[in-house]
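Enquirer: sequence plus predicted model, see below.
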Amino acid sequence: MIEVPIFNQSGDKLETIQVDEAKLGGEVRINLLKQALVMYHANQRQGSAQTLARGEVAGSTRKMFRQKGTGNARTGGIRNPIKKGGGHAKQKRQKDWRQSLPKKARRLARNSAILSKLQSNDVRVIDAIKLDEPKTKFVAQMYKKLGIDRSCLLALQGRDESVERAARNIDRTQLTTVEQLNAWDIMQKRTLLITKAGLEQLLA
């Protein structure tokens, strides 16, 4: 069991809850986590790079000059890869780099990422996030009181426009919802900030 403290927005500790590692897979599955991160990284590749081959470059195919007798190195047409402006000998072609994992594996990788953050004490659980106004300074003050001074993933239990507007301008902060949490987003940020209700939803 892992003891996880619950804070309020002022940084005061309200209670401590017990999190059963078994509900998050029991252990951090390094191989599966790496496989998921490679998949998410590969799926960001655009894959639209393309260059012209020798046969696709505009220009004549006529031999530039005769083979022997001119003193120049022998050469063919102006479109050959050796010439400036010629086609590529090994041209790039559009490619789909996308990878996939089963839904169960993606969920297990997400749970491993959360368990890793819990074990390294990089999860901040807050009872609730309520803002009087959608002001960035309120979220910045909350970060300071919770000891969050590096990158942060803020996971909300559903859309909250006031919190989104207040937090989106803070450097190195990413917003998401509990339903959209994935291993890539969790591991890319130092701290995971989540509400108590959101954590209970993940552990259910």
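Expert: Received the coordinates, thanks.

Enquirer: downstream of the longest helix anywhere in the chain, the next helix or strand is which one?
Expert: Taking DSSP state H as the criterion, the chain has its longest helix at helix 103-119. Sequence-wise, the next helix or strand downstream of helix 103-119 (DSSP states H and E) is strand 123-126.

Enquirer: quick one: contacts of that next one?
Expert: Outside strand 123-126, the residues that touch it by Cβ atoms under 8 Å, 6 or more residues apart in numbering are 4-9, 17, 114, 117, 142, 146-148, 191-196, 199. Bear in mind the C-beta positions are built from the backbone N, C-alpha and C, glycine included.

Enquirer: ok, 7 Å please
Expert: Applying Cβ atoms under 7 Å, 6 or more residues apart in numbering, the contact partners of strand 123-126 are 4, 6-9, 117, 146, 148, 191-196, 199.

Enquirer: partners of that strand, with directions?
Expert: strand 2-7 (parallel), strand 191-195 (parallel) (DSSP bridges).

Enquirer: can I get it in CSV, CA atoms only?
Expert: Presented in CSV, the C-alpha positions along strand 123-126 are these (Å, rounded to 0.1, in the frame of the first residue of the first chain):
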residue,chain,number,x,y,z
VAL,A,123,1.8,13.0,-7.6
ARG,A,124,-0.1,15.8,-5.9
VAL,A,125,-3.7,15.0,-4.9
ILE,A,126,-6.0,17.9,-4.2
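
Enquirer: can you name every helix or strand that the helix or strand following that strand contacts?
Expert: Of the helices and strands lying after strand 123-126 in sequence (DSSP H and E), the nearest is helix 136-146. For helix 136-146, the packing partners by 3 or more Cβ pairs under 7 Å, 6 or more residues apart in numbering; DSSP states H and E come out as helix 161-167.

Enquirer: what's the closest non-adjacent residue to Met187?
Expert: Ala113 (5.3 Å; Cβ to Cβ, 6 or more residues apart in numbering).

Enquirer: done for today, thanks.
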